[in-house]
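> From the sequence below, what's the structure:
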Amino acid sequence: MSQIRYDIFQDRWVILAPERHHRPHSYSDEIPPDSGTCPFCEGNETLTPPEVYAIRPPDTQPDSPGWEIRVIPNKFSAISPNNNQVPECSPDTLCLPGTGVHELIIETPEHSRKISQMPIARLEQILKVYQSRLTAIYSLPFIKYVQVFKNYARTGGASLSHPHTQLMGIPYIPAALRQELKASGQHYRKTSNCLFCNTIQTELQKDLRIPFQTPEFVVLMPFASRFPYECWILPREHHHDFLQTPPEKISRLAEILKKLFQNLEQILGNFPYNLILHSLNKNALPDKPVDRTYHWHFELLPRITHIGGFECATGSFINQALPEETCLKFKNLP
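Numbers count the residues shown, from 1 in each chain. Okay, the predicted model is just below:
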(Lines give C-alpha, C1' and ligand atoms only; values in the text may rest on other atoms or scores of the structure.)
Protein backbone atom coordinates (compact mmCIF):
# COMPACT_ATOMS: atom_id res chain seq x y z
CA MET A 1 0.00 0.00 0.00
CA SER A 2 1.16 3.52 -0.74
CA GLN A 3 2.03 6.07 1.93
CA ILE A 4 2.36 9.85 2.00
CA ARG A 5 5.32 11.02 4.08
CA TYR A 6 6.28 14.56 5.04
CA ASP A 7 9.82 15.74 4.26
CA ILE A 8 10.55 18.02 7.22
CA PHE A 9 13.78 19.27 5.63
CA GLN A 10 12.18 20.55 2.40
CA ASP A 11 8.61 21.30 3.61
CA ARG A 12 7.04 18.96 1.08
CA TRP A 13 5.04 15.75 0.94
CA VAL A 14 6.35 12.65 -0.86
CA ILE A 15 4.13 9.82 -2.15
CA LEU A 16 5.71 6.38 -1.77
CA ALA A 17 3.97 4.05 -4.23
CA PRO A 18 5.70 0.65 -4.63
CA GLU A 19 2.93 -0.59 -6.96
CA ARG A 20 4.05 1.94 -9.60
CA HIS A 21 7.15 -0.20 -10.11
CA HIS A 22 5.00 -2.65 -12.09
CA ARG A 23 3.71 -0.17 -14.68
CA PRO A 24 4.73 -0.67 -18.33
CA HIS A 25 7.73 1.15 -19.77
CA SER A 26 7.18 0.60 -23.48
CA TYR A 27 7.31 4.18 -24.65
CA SER A 28 10.09 5.80 -26.65
CA ASP A 29 10.34 9.38 -27.84
CA GLU A 30 8.95 8.27 -31.21
CA ILE A 31 5.36 7.01 -31.27
CA PRO A 32 5.43 3.30 -32.23
CA PRO A 33 2.83 1.75 -34.50
CA ASP A 34 -0.16 0.14 -32.83
CA SER A 35 0.83 -3.45 -32.16
CA GLY A 36 -2.72 -4.45 -31.26
CA THR A 37 -1.79 -5.01 -27.62
CA CYS A 38 -2.17 -1.44 -26.33
CA PRO A 39 -4.64 -1.56 -23.39
CA PHE A 40 -5.96 1.91 -24.27
CA CYS A 41 -6.89 1.09 -27.88
CA GLU A 42 -10.49 0.49 -28.89
CA GLY A 43 -11.37 -3.19 -28.63
CA ASN A 44 -9.03 -3.76 -25.67
CA GLU A 45 -11.36 -2.39 -23.00
CA THR A 46 -11.12 -5.60 -20.95
CA LEU A 47 -7.41 -4.91 -20.41
CA THR A 48 -8.18 -1.85 -18.25
CA PRO A 49 -10.11 -1.34 -15.02
CA PRO A 50 -13.82 -0.56 -15.57
CA GLU A 51 -14.46 2.97 -16.83
CA VAL A 52 -15.77 5.54 -14.35
CA TYR A 53 -16.83 8.00 -17.04
CA ALA A 54 -17.02 8.00 -20.82
CA ILE A 55 -18.21 9.91 -23.83
CA ARG A 56 -19.84 7.30 -26.01
CA PRO A 57 -23.01 6.87 -28.11
CA PRO A 58 -26.08 5.96 -26.03
CA ASP A 59 -26.46 2.63 -27.84
CA THR A 60 -23.05 1.35 -26.60
CA GLN A 61 -22.35 -0.39 -23.33
CA PRO A 62 -19.71 0.65 -20.77
CA ASP A 63 -16.30 -0.95 -21.33
CA SER A 64 -17.12 -1.80 -24.94
CA PRO A 65 -15.96 -0.35 -28.27
CA GLY A 66 -17.57 2.76 -29.75
CA TRP A 67 -16.34 5.32 -27.19
CA GLU A 68 -14.77 8.70 -27.92
CA ILE A 69 -13.13 9.37 -24.53
CA ARG A 70 -12.79 6.96 -21.58
CA VAL A 71 -11.86 7.66 -17.95
CA ILE A 72 -10.53 4.74 -15.92
CA PRO A 73 -8.79 4.26 -12.57
CA ASN A 74 -5.03 3.94 -12.98
CA LYS A 75 -4.21 0.23 -12.83
CA PHE A 76 -0.84 1.13 -11.27
CA SER A 77 -2.18 3.85 -9.02
CA ALA A 78 0.12 5.87 -6.78
CA ILE A 79 -2.79 6.38 -4.35
CA SER A 80 -6.18 4.79 -3.71
CA PRO A 81 -9.53 5.97 -2.29
CA ASN A 82 -9.71 2.73 -0.31
CA ASN A 83 -6.32 3.04 1.37
CA ASN A 84 -7.19 3.97 4.95
CA GLN A 85 -4.37 2.07 6.64
CA VAL A 86 -2.50 4.56 8.85
CA PRO A 87 1.28 4.00 8.55
CA GLU A 88 3.44 3.71 11.62
CA CYS A 89 5.38 6.92 12.26
CA SER A 90 8.00 7.78 14.82
CA PRO A 91 7.40 10.84 17.06
CA ASP A 92 9.63 13.06 14.89
CA THR A 93 8.02 12.10 11.55
CA LEU A 94 4.64 12.72 9.94
CA CYS A 95 2.90 10.44 7.48
CA LEU A 96 -0.56 9.78 6.07
CA PRO A 97 -2.22 6.81 4.40
CA GLY A 98 -1.87 6.92 0.63
CA THR A 99 -5.50 7.98 0.23
CA GLY A 100 -6.52 9.72 -2.97
CA VAL A 101 -7.74 9.28 -6.53
CA HIS A 102 -5.58 8.45 -9.57
CA GLU A 103 -7.41 8.38 -12.91
CA LEU A 104 -6.48 8.21 -16.59
CA ILE A 105 -8.35 10.04 -19.32
CA ILE A 106 -7.89 8.12 -22.59
CA GLU A 107 -8.30 10.99 -25.01
CA THR A 108 -9.04 9.17 -28.25
CA PRO A 109 -9.41 5.63 -29.64
CA GLU A 110 -6.64 6.49 -32.13
CA HIS A 111 -3.31 5.17 -30.89
CA SER A 112 -0.97 7.80 -32.33
CA ARG A 113 -3.04 11.00 -32.47
CA LYS A 114 -1.13 14.00 -31.09
CA ILE A 115 -2.67 17.24 -29.79
CA SER A 116 -1.48 19.04 -32.91
CA GLN A 117 -3.43 16.54 -35.05
CA MET A 118 -6.68 16.44 -33.09
CA PRO A 119 -9.78 18.29 -34.30
CA ILE A 120 -10.69 21.33 -32.22
CA ALA A 121 -13.94 19.60 -31.25
CA ARG A 122 -12.03 16.68 -29.72
CA LEU A 123 -9.70 18.97 -27.74
CA GLU A 124 -12.76 20.83 -26.50
CA GLN A 125 -14.27 17.51 -25.37
CA ILE A 126 -11.09 16.61 -23.51
CA LEU A 127 -11.02 19.93 -21.67
CA LYS A 128 -14.66 19.50 -20.67
CA VAL A 129 -13.88 16.01 -19.37
CA TYR A 130 -11.14 17.63 -17.25
CA GLN A 131 -13.81 19.86 -15.76
CA SER A 132 -16.22 16.99 -15.18
CA ARG A 133 -13.65 14.84 -13.38
CA LEU A 134 -12.31 17.77 -11.35
CA THR A 135 -15.86 18.43 -10.13
CA ALA A 136 -16.34 14.77 -9.21
CA ILE A 137 -13.02 14.36 -7.42
CA TYR A 138 -13.22 17.65 -5.52
CA SER A 139 -16.58 16.49 -4.13
CA LEU A 140 -14.75 13.82 -2.10
CA PRO A 141 -14.21 15.02 1.49
CA PHE A 142 -10.59 13.78 1.76
CA ILE A 143 -9.35 15.63 -1.36
CA LYS A 144 -7.49 18.94 -0.97
CA TYR A 145 -6.00 19.29 -4.45
CA VAL A 146 -6.35 17.68 -7.88
CA GLN A 147 -3.40 17.73 -10.25
CA VAL A 148 -4.11 17.35 -13.97
CA PHE A 149 -1.06 16.49 -16.06
CA LYS A 150 -0.13 14.93 -19.39
CA ASN A 151 3.24 13.24 -19.97
CA TYR A 152 4.45 12.71 -23.52
CA ALA A 153 7.41 10.52 -24.54
CA ARG A 154 9.78 8.63 -22.26
CA THR A 155 11.71 11.79 -21.37
CA GLY A 156 8.40 13.36 -20.33
CA GLY A 157 7.69 10.46 -17.97
CA ALA A 158 5.17 8.52 -20.08
CA SER A 159 5.06 4.72 -19.85
CA LEU A 160 2.44 4.15 -22.57
CA SER A 161 2.26 5.86 -25.94
CA HIS A 162 -1.52 6.07 -26.41
CA PRO A 163 -2.70 9.68 -25.82
CA HIS A 164 -3.86 10.09 -22.24
CA THR A 165 -3.98 12.55 -19.36
CA GLN A 166 -3.67 11.75 -15.66
CA LEU A 167 -5.53 13.20 -12.69
CA MET A 168 -4.35 12.76 -9.12
CA GLY A 169 -6.54 13.89 -6.24
CA ILE A 170 -4.45 14.17 -3.07
CA PRO A 171 -5.16 15.00 0.60
CA TYR A 172 -2.66 17.88 0.84
CA ILE A 173 -1.63 21.10 -0.96
CA PRO A 174 1.65 20.39 -2.80
CA ALA A 175 4.76 22.48 -2.17
CA ALA A 176 4.84 24.08 -5.64
CA LEU A 177 1.30 25.35 -5.25
CA ARG A 178 1.93 26.53 -1.70
CA GLN A 179 4.84 28.59 -3.01
CA GLU A 180 2.67 30.11 -5.74
CA LEU A 181 0.02 30.91 -3.16
CA LYS A 182 2.61 32.51 -0.89
CA ALA A 183 4.00 34.73 -3.67
CA SER A 184 0.58 35.70 -5.03
CA GLY A 185 -0.75 36.35 -1.51
CA GLN A 186 2.16 38.63 -0.62
CA HIS A 187 1.70 40.56 -3.87
CA TYR A 188 -2.02 40.97 -3.23
CA ARG A 189 -1.47 42.27 0.29
CA LYS A 190 0.96 44.90 -1.06
CA THR A 191 -0.97 45.98 -4.17
CA SER A 192 -4.54 44.66 -3.86
CA ASN A 193 -4.00 43.15 -7.32
CA CYS A 194 -3.46 39.64 -8.65
CA LEU A 195 0.20 38.86 -9.37
CA PHE A 196 -0.72 36.89 -12.47
CA CYS A 197 -2.99 39.65 -13.82
CA ASN A 198 -0.24 42.23 -13.30
CA THR A 199 2.27 39.97 -15.04
CA ILE A 200 -0.05 39.56 -18.03
CA GLN A 201 -0.43 43.32 -18.39
CA THR A 202 3.31 43.97 -18.03
CA GLU A 203 4.23 41.29 -20.56
CA LEU A 204 1.65 42.55 -23.06
CA GLN A 205 3.16 46.03 -22.85
CA LYS A 206 6.72 44.78 -23.36
CA ASP A 207 5.75 42.18 -26.01
CA LEU A 208 9.05 40.32 -25.62
CA ARG A 209 7.77 36.98 -24.37
CA ILE A 210 4.25 36.69 -25.84
CA PRO A 211 4.31 34.29 -28.84
CA PHE A 212 0.63 34.92 -29.54
CA GLN A 213 -2.59 35.96 -27.86
CA THR A 214 -6.36 36.00 -28.33
CA PRO A 215 -9.07 38.17 -26.76
CA GLU A 216 -9.56 35.45 -24.11
CA PHE A 217 -6.06 34.01 -23.52
CA VAL A 218 -2.38 34.93 -23.49
CA VAL A 219 0.48 32.55 -24.25
CA LEU A 220 3.50 33.62 -22.23
CA MET A 221 7.11 32.42 -22.08
CA PRO A 222 7.96 33.15 -18.41
CA PHE A 223 10.73 35.62 -17.61
CA ALA A 224 12.48 32.95 -15.48
CA SER A 225 11.68 29.93 -17.67
CA ARG A 226 12.92 26.60 -16.33
CA PHE A 227 13.01 24.81 -19.69
CA PRO A 228 13.69 25.95 -23.27
CA TYR A 229 10.38 26.95 -24.92
CA GLU A 230 8.43 26.73 -21.67
CA CYS A 231 5.00 28.29 -22.25
CA TRP A 232 2.13 29.26 -19.98
CA ILE A 233 -1.47 29.71 -21.15
CA LEU A 234 -3.30 32.21 -18.96
CA PRO A 235 -6.88 33.50 -19.19
CA ARG A 236 -7.04 37.30 -19.44
CA GLU A 237 -10.04 37.32 -17.11
CA HIS A 238 -9.13 36.62 -13.49
CA HIS A 239 -10.30 33.26 -12.13
CA HIS A 240 -8.67 31.00 -9.58
CA ASP A 241 -10.42 27.84 -10.72
CA PHE A 242 -10.41 26.23 -14.18
CA LEU A 243 -13.92 24.98 -13.38
CA GLN A 244 -15.17 28.56 -13.77
CA THR A 245 -14.22 28.61 -17.46
CA PRO A 246 -17.46 28.72 -19.53
CA PRO A 247 -18.02 26.53 -22.62
CA GLU A 248 -17.38 29.29 -25.16
CA LYS A 249 -13.95 29.96 -23.66
CA ILE A 250 -13.18 26.24 -23.50
CA SER A 251 -13.55 26.26 -27.30
CA ARG A 252 -11.08 29.15 -27.61
CA LEU A 253 -8.68 27.35 -25.26
CA ALA A 254 -8.81 24.25 -27.48
CA GLU A 255 -7.79 26.42 -30.45
CA ILE A 256 -4.89 27.89 -28.47
CA LEU A 257 -3.61 24.43 -27.47
CA LYS A 258 -3.69 23.13 -31.03
CA LYS A 259 -1.90 26.20 -32.42
CA LEU A 260 0.73 26.13 -29.66
CA PHE A 261 1.62 22.49 -30.30
CA GLN A 262 1.62 22.95 -34.07
CA ASN A 263 4.01 25.89 -33.75
CA LEU A 264 6.33 24.11 -31.33
CA GLU A 265 6.49 21.05 -33.57
CA GLN A 266 7.58 23.26 -36.46
CA ILE A 267 10.54 24.35 -34.34
CA LEU A 268 11.31 21.25 -32.22
CA GLY A 269 9.84 18.33 -34.15
CA ASN A 270 8.20 15.55 -32.13
CA PHE A 271 9.27 16.78 -28.68
CA PRO A 272 8.72 15.25 -25.22
CA TYR A 273 6.79 17.37 -22.75
CA ASN A 274 4.69 17.75 -19.61
CA LEU A 275 1.41 19.67 -19.84
CA ILE A 276 0.26 20.74 -16.37
CA LEU A 277 -2.87 22.48 -15.12
CA HIS A 278 -2.51 24.75 -12.10
CA SER A 279 -5.97 25.44 -10.70
CA LEU A 280 -7.27 25.81 -7.17
CA ASN A 281 -10.68 24.95 -5.80
CA LYS A 282 -11.63 27.39 -3.06
CA ASN A 283 -13.12 24.59 -0.95
CA ALA A 284 -9.59 23.20 -0.51
CA LEU A 285 -8.54 26.36 1.38
CA PRO A 286 -11.77 27.92 2.66
CA ASP A 287 -9.93 30.24 5.06
CA LYS A 288 -7.72 31.77 2.32
CA PRO A 289 -8.72 34.49 -0.20
CA VAL A 290 -7.57 32.34 -3.11
CA ASP A 291 -10.41 33.57 -5.32
CA ARG A 292 -8.71 37.00 -5.34
CA THR A 293 -5.04 36.03 -5.20
CA TYR A 294 -4.71 32.95 -7.43
CA HIS A 295 -5.05 32.68 -11.25
CA TRP A 296 -5.45 29.32 -12.99
CA HIS A 297 -3.17 28.50 -15.94
CA PHE A 298 -1.67 25.72 -18.02
CA GLU A 299 2.09 25.17 -18.09
CA LEU A 300 3.70 23.43 -21.07
CA LEU A 301 7.19 22.18 -20.27
CA PRO A 302 9.15 20.82 -23.26
CA ARG A 303 11.60 18.23 -21.92
CA ILE A 304 14.28 18.68 -24.57
CA THR A 305 17.01 19.10 -21.94
CA HIS A 306 17.67 16.89 -18.92
CA ILE A 307 17.45 17.70 -15.23
CA GLY A 308 20.87 17.05 -13.70
CA GLY A 309 22.57 16.98 -10.34
CA PHE A 310 22.54 20.75 -9.83
CA GLU A 311 18.77 20.94 -10.30
CA CYS A 312 18.17 18.00 -7.97
CA ALA A 313 20.56 19.38 -5.34
CA THR A 314 19.37 22.99 -5.31
CA GLY A 315 15.87 23.12 -6.78
CA SER A 316 17.23 25.74 -9.22
CA PHE A 317 17.07 25.20 -12.97
CA ILE A 318 19.68 25.90 -15.64
CA ASN A 319 17.97 26.92 -18.89
CA GLN A 320 20.16 27.17 -21.98
CA ALA A 321 17.69 29.31 -23.95
CA LEU A 322 16.51 32.87 -23.33
CA PRO A 323 12.69 33.11 -23.49
CA GLU A 324 12.97 36.33 -25.52
CA GLU A 325 14.94 34.50 -28.23
CA THR A 326 12.67 31.46 -28.32
CA CYS A 327 9.64 33.76 -28.48
CA LEU A 328 11.15 35.48 -31.51
CA LYS A 329 11.36 32.11 -33.29
CA PHE A 330 7.61 31.73 -32.77
CA LYS A 331 6.92 35.14 -34.25
CA ASN A 332 9.09 34.36 -37.29
CA LEU A 333 7.16 31.19 -38.17
CA PRO A 334 5.44 31.32 -41.56
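> so what's the spatially closest residue to residue 16 that is not a sequence neighbour bridging to?
Excluding the flanking residues, the one nearest residue 16 by C-beta to C-beta, 6 or more residues apart in numbering is residue 3, at 4.8 Å. For the C-beta atoms, the positions are set from N, CA and C on the backbone; glycine is no exception. Bridge pairing for residue 3 (DSSP bridges) gives the partners residue 16, residue 97.
> how close does residue 3 get to residue 169?
In this view, residue 3 and residue 169 are 16 Å apart by C-beta to C-beta, to the nearest Å.
> Kindly report the same for residue 291.
Separation of residue 291 from residue 169 (C-beta to C-beta): 20 Å.
> For residue 93, report the pLDDT, please.
pLDDT for residue 93: 74.
> more neighbours, residue 291 and residue 169?
Using other C-beta atoms under 10 Å, the more surrounded residue of residue 291 and residue 169 is residue 169, with 23 against 14.
> can you pull the contacts of that one?
79, 100-102, 137-138, 140, 143, 145-146 (C-beta atoms under 8 Å, 6 or more residues apart in numbering).
> Which members of those are positioned in strands?
Per DSSP state E, strands hold the following members of the contacts of residue 169: 101-102, 145-146.
> Next, count neighbours for residue 39.
For residue 39, the count of nearby residues is 16 (other C-beta under 10 Å).
> do you know how far residue 257 is from residue 215?
16 Å.
> So these two - more neighbours on which side?
Between residue 257 and residue 215, counted using other C-beta under 10 Å, residue 257 has the larger neighbour count: 24 against 7.
> Show the average pLDDT along the host helix or strand of the more buried one.
If you go by DSSP states H and E, residue 257 is part of helix 247-268. Here helix 247-268 scores 96 as its mean pLDDT.
> Equivalent analysis for stretch 137-151, please.
Averaged over stretch 137-151, pLDDT sits at 94.
> which residues of the stretch 101-250 of the chain fall in helices?
Secondary structure of the stretch 101-250 of the chain (DSSP state H, counting those that start in this stretch): helices located at 120-138, 175-191, 195-206, 247-268.
> contacting residues around the longest one?
Outside of helix 247-268, the residues that reach it under the criterion C-beta under 8 Å, 6+ apart are 114-116, 118, 120-121, 123-124, 126-128, 131, 211-212, 214, 216-217, 219, 229, 231, 233, 235, 245, 271, 298, 300, 302, 304, 329-330, 333.
> for the helices of the stretch 101-250 of the chain, which one sits closest to residue 280?
Residue 280 lies closest to helix 175-191 among the helices of the stretch 101-250 of the chain, at 7.0 Å (C-beta to C-beta).
> Tell me where the protein is predicted with low confidence.
Along the chain, the model assigns pLDDT under 70 to residues 1, 8-9, 18-36, 83-88, 90-91.
> I'd like to know which of the contacts of residue 169 is nearest to residue 43.
Using C-beta to C-beta, residue 102 is the member of the contacts of residue 169 that lies nearest residue 43, at 24.4 Å.
> The closest one - how many residues pack around it?
Neighbourhood size, residue 102 [other C-beta under 10 Å]: 24.
> before we move on, what about residue 296?
Look at residue 296: counted by other C-beta under 10 Å, it has 20 neighbours.
> Residue 215 versus that one, what's the distance?
Distance, residue 296 to residue 215, by C-beta to C-beta: 18 Å.
> got the buried residues for stretch 230-242?
Neighbour counts using 16 or more other C-beta atoms under 10 Å place 230-235, 238-242 of stretch 230-242 among the buried residues.
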